[in-house]
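Engineer: need a structure here:
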Amino acid sequence: MEMRWFGFMGLIVYWAFTLIAVKINSSWFSLSKDTFSKLGKPEMAKCPWIFWLGLTLGGILVAIYGLWLSSGNRLQAMGGAYLILAGALMILIGPIHDGLKPHDTLAFLTFFMFYIGSALYGLGSSNKILEVSQPLILATAIASMFFHWPSDGYLELFGISLGMVSSFIIAIYS
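Structural biologist: Model (predicted):
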């Protein structure tokens, strides 16, 4: 598989493990009141390691994707560096699970680094679709924080979906 697909595949891997964790914890987990991170909280979740493993494997793929993105010009290299950081932070979200003090900051920074990195990569591209779509996805992510969501879980679902759209567009048009 070409490295340009690693960002998208990293999020697919994350989803596969997350869906397994949701199934195992279906007796209490509800997206309308919980974030996905609750699936990795040992005090609440059965087999939290499943969720952690999805974050770890997905984060590794996202970091490799960032490495691939950084092989372009300077702006794209900066974008790739942000994606490498996003992958590393994604890996840390597992063991620094919901309920631990730095978790919320790590989760926010993971999304932020992913969107900033993708936007920088797009701005450094000579492809007009990437130049427009990636900053637009960043703007959408920022705007979404000001929308009243029924729960933080739905905001998280939207944010991950935006990341999938972003990485899919980059894979197609790079």
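Engineer: Distance of the nearest residue to residue 167 once chain neighbours are set aside relative to residue 101?
Structural biologist: Sequence neighbours aside, residue 7 is the residue nearest to residue 167 in space, at 3.4 Å (criterion: CB to CB, 6 or more residues apart in numbering). In this view, the C-beta of every residue, glycine as well, is placed from N, C-alpha and C. Residue 7 sits 29 Å away from residue 101, going by CB to CB, to the nearest Å.
Engineer: and residue 43, how many neighbours does it have?
Structural biologist: 9 (other CB atoms under 10 Å).
Engineer: Nearest residue to it in space, ignoring adjacent ones along the chain?
Structural biologist: Per CB to CB, 6+ apart, closest to residue 43 is residue 99, 7.0 Å.
Engineer: Now that neighbour: which helix or strand?
Structural biologist: Assignment of secondary structure by DSSP states H and E places residue 99 within no helix or strand.
Engineer: quick one, phi psi at the residue lying farthest from the centre of the chain?
Structural biologist: Here the chain reaches farthest from its C-alpha mean at residue 27, the gap being 25.9 Å by CA atoms, centre = their mean. Backbone torsions for residue 27, taken as degrees, to the nearest 10, come to phi -70, psi -20.
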